[in-house]
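>>> next come a sequence and a model predicted from it.
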Amino acid sequence: MARYQVILAYDGTGFQGSQRQANRRTVQGELEKSLRKLGWSSKSVLMAGRTDTGTHATGQVGAFDLDWAHTDEQLLKALNAELPLDVVVKSLCVASANFHPRFDATSRRYRYRLFCEPIRDPLREKFTWRVWPAVDENVLERSAGLFLGTHDFAAFGSPTTPKGTTVRTLTESEWKKMPDGEWQFEVQAEAFLYRMVRRLVFVQVALAQGKCSGEEVQRALKKQVETLPRASRAVPAGLAPAHGLTLVEVKYGSR
């Protein structure tokens, strides 16, 4: 019996998120179904984290215990032969017996993609958020820097446990413009609140469209709830669509 670590990529369009749910199609559920065909009999695959319904991944990490008598390469091929076309195991290796893809992770990196056009683009919009009116590019670029470092992100997401902290440290927060005009938001932290990245993107787009000010965003980050109980309400509420978001990488060991 060995513990295997896998890196997964998937098109989240047809999944109700990554975490297994009763009577819903999920990434974890599909992986477990495929493993059972290979003799796996444990209760649950371990995952590095949850992704929302419609969110994609190129670097989701999972782990499972399996008694496999053949090579790692043969297991990789066997798993991918059983998995549906919208999810694939990119790589596989034997891990330490106590490896946990969630609790051993030192950082996670997400990428959000958007473009500004007045007319719909059905093919492009499967993986990218179409934004209109157009953003002020200078404001969008500057907005990412507001979130770097350690802040209480209570106004930008929900804790992952009932009594969990909402303080997070962002080690990367940057917008990059691609040659085709697409904008990509690269963000990295040890961990994120639920829906935090989508909320951050929504607020930055609102800021770059002139719907709120940088001062209002900073007040929300400072969490001035003692003197301004509803201060964060000055920042428009909403989430960027899930289909623009991709979990790119989960790191272990050194950052």
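Sure, I can see it.

>>> E125 contacts V131, doesn't it?
No. Contact between E125 and V131 fails when scored by CB atoms under 8 Å: they sit 10.7 Å apart. Any C-beta I mention is one placed from the backbone N, CA and C, and that applies to glycine too.

>>> neighbour count for these two, which is higher?
Taking neighbours as other CB atoms under 10 Å, E125 and V131 compare with V131 leading, 20 against 15.

>>> check the gap between the more buried one and E137 for me.
Here the criterion is CB to CB, to the nearest Å. By it, V131 lies 12 Å from E137.

>>> do the same with D180
15 Å.

>>> the two: which is more packed in?
Applying other CB under 10 Å to D180 and E137 shows that E137 carries more neighbours, namely 13 against 7.

>>> distance of the more buried one relative to W175?
9 Å.

>>> once you drop chain neighbours, what's closest to A9?
Counting by CB to CB, 6 or more residues apart in numbering, T58 is the residue found nearest to A9 once chain neighbours are left out, at 4.7 Å.

>>> my guess is that neighbour contacts F127. True?
No. Using CB under 8 Å, T58 is not in contact with F127, being 11.1 Å away.

>>> which residues do those two both contact?
T246 (CB atoms under 8 Å, 6 or more residues apart in numbering).

>>> let me see the contact set for the residue nearest to G157 when sequence neighbours are not counted.
Leaving aside its sequence neighbours, G157 sits nearest to L193 (CB to CB, 6+ apart; 2.8 Å). For L193, the contact set (CB under 8 Å, 6+ apart) comprises 153, 156-160, 166, 168.

>>> now swap in P162 and tell me
So P162 contacts nothing (CB under 8 Å, 6+ apart).

>>> A strand includes it, no?
No. Per DSSP: H, G, I helix; E, B strand; the rest coil, P162 lies outside any strand segment and is coil.

>>> and the helices in the stretch 1-150 of the chain?
27-36, 72-82, 137-143 (DSSP state H, counting those that start in this stretch).

>>> out of these, which gets nearest to S42?
helix 27-36 (8.3 Å; CB to CB).

>>> go through the closest one and flag the buried ones.
Using 16 or more other CB atoms under 10 Å as the test for burial, helix 27-36 gives 27-32, 34-35.

>>> what's the neighbour count on L66?
Close neighbours of L66, defined as other CB under 10 Å, add up to 16.

>>> surely it meets G39?
Yes. The pair L66 and G39 passes the contact test of CB under 8 Å, sitting 7.2 Å apart.
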